[in-house]
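My questions are about this predicted structure, shown below with the sequence.
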Amino acid sequence: MSSTDHPGRGVERLIQGQATQDGAGVKLTRVLTQDLQQRLDPFLMLDAFGSDDPDEYIAGFPNHPHRGFETITYMIAGRMRHRDSGGHEGLLQNGGVQWMTAGFGLTHSEMPEQEEGRMEGFQLWLNLPSNEKLCKPSYVDIQSEHIPEHTTDEGVLVRVIAGESREVKANIQRDATQPLYLDVHFSQDAIFEQRIPATHNAFVYVYRGELTVLAPQQQTPIALARMAILDNTQDRVFLQGCAGTRAIVIAGKPLNEPIVQYGPFVMNTREEIMQAVEDFRAGRMQ
């Protein structure tokens, strides 16, 4: 079958992430950078981390603040301990997810609980609408065995972290941003189809093997460790992969609100950012 048989979204742009460090020197790749926030609204950042060298991750992410958005940490391999000023604590392990709503603000730490082996995963920042930015902070810890999954007739395993895929619903749903977060595993040559409202912004990041996005008059390969921003022309996407290919598929409803970021604070105005800094310095995020 040709790409014309798949009336899905095409690739608008391919992105190579930027190597950087965060926390206490953890090496990672920033895939969704600040200059893409408006285009990929409601998503603010995506970091991919993966290393077999403890020197590159062992220092972790010591205590630091957040306000105005949600953080979603998805661990592919390794162990990371979360603690925050709201009294929440959890151990993130292989295949598990931590979903933290910073809201009004809190401080938290994410520290490795291993001294050797591989540490790999993603952290995604999801914006909050203006009327929820100062909500009460919350935290959900979802272990791997509690993440809903389904396998398509073509043999593609789909882990549903947020949203819905083939009538399988995730534990996490959000009315304002309607996030979709899928981890897609190919066990053989196959095509995976996912419905995404044309109004929602979407992207795909490949972390094993490579994928091809099938669209009318277009077949676009996505290489390992590349992100494809999908166009907004259709209400679905078709991904072609082979045995061993893995990718995350992320989409959400844009908020269409001003985005003002200062480090770990994301608000709608400069005045709100100044207030966040003042509240943090005064200890009101403790």
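All right, it came through fine. Numbering: from 1, shown residues only.

For the rest of this, base every contact and every neighbour count on C-alpha atoms.
Noted.

In three-state terms, label the residue nearest the centre of the chain for me.
In the chain, the C-alpha nearest the mean C-alpha coordinate belongs to Leu124, at 3.3 Å (Cα atoms, centre = their mean). Under DSSP: H, G, I helix; E, B strand; the rest coil, the three-state class of Leu124 is strand.

Was I right to think it contacts Met75?
No - under the criterion of Cα atoms under 8 Å, Leu124 is not in contact with Met75, lying 11.5 Å apart.

where does the chain dip in pLDDT?
1-4, 286 (pLDDT under 70).

do that again at 80, thanks
1-5, 23-25, 115, 286 (pLDDT under 80).

Helices of that one, residue ranges please.
Using DSSP state H, the helices found in the chain span residues 270-281.

and the closest residue to Glu115 other than its chain neighbours, what is it in contact with?
Distances taken as Cα to Cα, 6 or more residues apart in numbering place Pro54 nearest to Glu115, at 6.3 Å, with adjacent residues excluded. Pro54 sits next to 115-118 when contact means Cα atoms under 8 Å, 6 or more residues apart in numbering.

what two of these are the furthest from one another?
Glu115 and Arg118 (9.6 Å; Cα to Cα).

With neighbour numbers in mind, choose between the two.
Arg118 (17 against 13; other Cα atoms under 10 Å).

Does that one touch Gly78 like I think?
Yes - counting by Cα under 8 Å, Gly78 is a contact partner of Arg118 at 6.0 Å.

Go ahead and confirm Gln173 touches Ala162.
Yes - contact criterion Cα under 8 Å: Gln173 and Ala162 qualify, at 6.2 Å.

Just the buried residues of stretch 153-170, please?
155-165, 169-170 (16 or more other Cα atoms under 10 Å).

May I have the distance across stretch 124-135, first residue to last?
19 Å (Cα to Cα, to the nearest Å).

ok, how many other residues are close to the closest residue in space to Met267 that isn't next to it in sequence?
Take Met267 and drop its neighbours on the chain: the residue closest to it by Cα to Cα, 6+ apart is Val260, 5.2 Å away. For Val260, the neighbour count with other Cα under 10 Å is 15.

With Thr33 instead?
Neighbours of Thr33 (other Cα under 10 Å): 17.

List the residues that contact the closest residue to it other than its chain neighbours.
The shortest distance from Thr33 to any non-neighbouring residue, by Cα to Cα, 6+ apart, is to Met45 (5.8 Å). Going by Cα under 8 Å, 6+ apart, Met45 touches 30-34, 37, 123-126.

Can you report how many residues lie near Pro112?
20.

Just confirm it contacts Ile58, I think it does.
Yes - the criterion here is Cα under 8 Å, and Pro112 meets it with Ile58 at 6.0 Å.

partners of the residue nearest to Gly60 when sequence neighbours are not counted in the sheet?
In space, and not counting its chain neighbours, Gly60 is closest to Met111: 4.7 Å by Cα to Cα, 6+ apart. For Met111, the beta-bridge partners are Arg81 (DSSP bridges).

ok, Met111 to Pro264 distance?
Going from Met111 to Pro264 by Cα to Cα gives 18 Å.

So between the two, which is more surrounded?
Comparing Met111 with Pro264 by neighbour count (other Cα under 10 Å), the higher total belongs to Met111, at 22 against 14.

and the residue nearest to Thr33, what are its bridge partners?
Where Met45 sits in a bridge, its partners, by DSSP bridges, are Trp125.

Show me what Thr71 is bridged to.
Met100, Trp125.
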